[in-house]
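In: Give the three-dimensional model of this entry:
(chains A, B, C and D)
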Protein chains: 2
Amino acid sequence: MLSSTSDYALRAILVLAQATDGRPLRADQIARATGSPANYLAKTLNALAKAGLVTSARGPFGGFVLAVPAAELSLARITDCFDEPRPQTRCLLGNAPCDQRNACSAHKRWTAIKNARRAALADTTVADLLGGSAASLPTDVSLSSHQ
Amino acid sequence: MLSSTSDYALRAILVLAQATDGRPLRADQIARATGSPANYLAKTLNALAKAGLVTSARGPFGGFVLAVPAAELSLARITDCFDEPRPQTRCLLGNAPCDQRNACSAHKRWTAIKNARRAALADTTVADLLGGSAASLPTDVSLSSHQ
DNA sequence: TCCGATTCTCATATGCAGATGAGAAAAGGG
DNA sequence: CCCTTTTCTCATCTGCATATGAGAATCGGA
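Out: Residues are numbered from 1 along each chain as shown, chains lettered A, B, ... in the order given. Below is the predicted model of the structure:
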């Protein structure tokens, strides 16, 4: 579903979003709260800071603070920091680089699938996950719901 | 979007599905048609054969043939052979293993996202991609449609 | 039996996950 | 004003999984 790095990042963001008071949380606190390896999470938090999703402060009383309102922070914006998509090399059928103009027969359908998968992450915000109410996506898709 | 192994497998299946006559295709033919590394694709095709999606025949006039009708072969069935999901270790919020009974506040929403992402692959068949008509999924999701 | 193609096995490259340690910045105390 | 503590920042290192490559082994048909 998600790479482990994206998973750590999402959990860290959720912890930060739940810290109601404006006080920053240290990296090791976040690691303990999420069950992530502290050493690795430091790198991940650093990447999130560079991406502008969190702000970092050094020294005593330092730590990390969410830099984007939870209601405006989509899950896709988090995962995109780590699961960067390889550029589409060639089209699914044949060898020509398939674009809107020279579309192969699978192009439309495949693009729709990619968009649908992305939309599941792009249309949900951190606040949506924390709110825990009113899921706008279907909850009981009749699939063999293994992960 | 997909791991490169799943990508190779999907392209190989599409090539096999397009081979209308019943004659098998050799691994190197499929590799050339899809632009995949031949040596690696052999292993991938072998895995697909073990999963029962294709049948393999050795010797002269040997090769691979699609073992499942294209209309009954969902994309998820292909990708599941390679992108096997890590078992969900703990819930997104907190540490308890989150199940249907003890659901955290994010559980429903997160489950919906996972199902939606899977549905995009599970609800499309190889025949759907080749048919190239009547896409039932939305094609113009208003996203920054990069990959 | 012989050839060709698949299939198995080993070797290597690349990247990610995770660990470790040195260094830089910020705050507070002396 | 300097020093120490605290914390992030950055570079490097190792293990592991995946991706890739090349050759040997094996099987089936002619």
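In: The least confident helix or strand in chain A by mean pLDDT near chain B anywhere?
Out: Lowest on mean pLDDT, DSSP states H and E among the helices and strands of chain A sits helix A:107-122, with a mean of 90. Yes: part of helix A:107-122 sits near chain B under the criterion Cβ under 8 Å from any Cβ of the partner chain, namely A:107-122. Where C-beta positions appear, they are placed from N, C-alpha and C, glycine not excepted.
In: the helices in chain A, which residues?
Out: Using DSSP state H, the helices of chain A run over A:4-18, A:27-34, A:38-50, A:75-79, A:107-122, A:126-131.
In: who in chain A is up against DNA strand D?
Out: Within chain A, the positions lying close to DNA strand D (Cβ under 7 Å from any atom of the strand) are A:24, A:26-28, A:42-43, A:45-46, A:49-50, A:56-64.
In: Give the ChimeraX command for selecting the buried subset of these.
Out: Restricted to buried positions by 16 or more other Cβ atoms under 10 Å in any protein chain shown, the ChimeraX selection for the residues of chain A next to DNA strand D reads:
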select /A:24,27,45,49,56,63,64
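In: so which of the residues of chain A next to DNA strand D are also by DNA strand C?
Out: Contacts with DNA strand C within the residues of chain A next to DNA strand D, counted by Cβ under 7 Å from any atom of the strand: A:42-43, A:57-62.
In: What is the nearest of those residues to DNA strand C?
Out: Nearest to DNA strand C, judged by Cβ to the nearest atom of the strand, of those is A:Gly59 at 3.0 Å.
In: Could you report the distance from the closest one to A:Ala31?
Out: As judged by Cβ to Cβ, to the nearest Å, A:Gly59 and A:Ala31 stand 19 Å apart.
In: so A:Leu93 touches B:Leu14, yeah?
Out: Yes: counting by Cβ atoms under 8 Å, A:Leu93 does reach B:Leu14; the two are 6.1 Å apart.
In: overlap in contacts of these two?
Out: Applying Cβ atoms under 8 Å, 6 or more residues apart in numbering or on different chains, one finds that A:Leu93 and B:Leu14 are jointly contacted by A:106, B:130.
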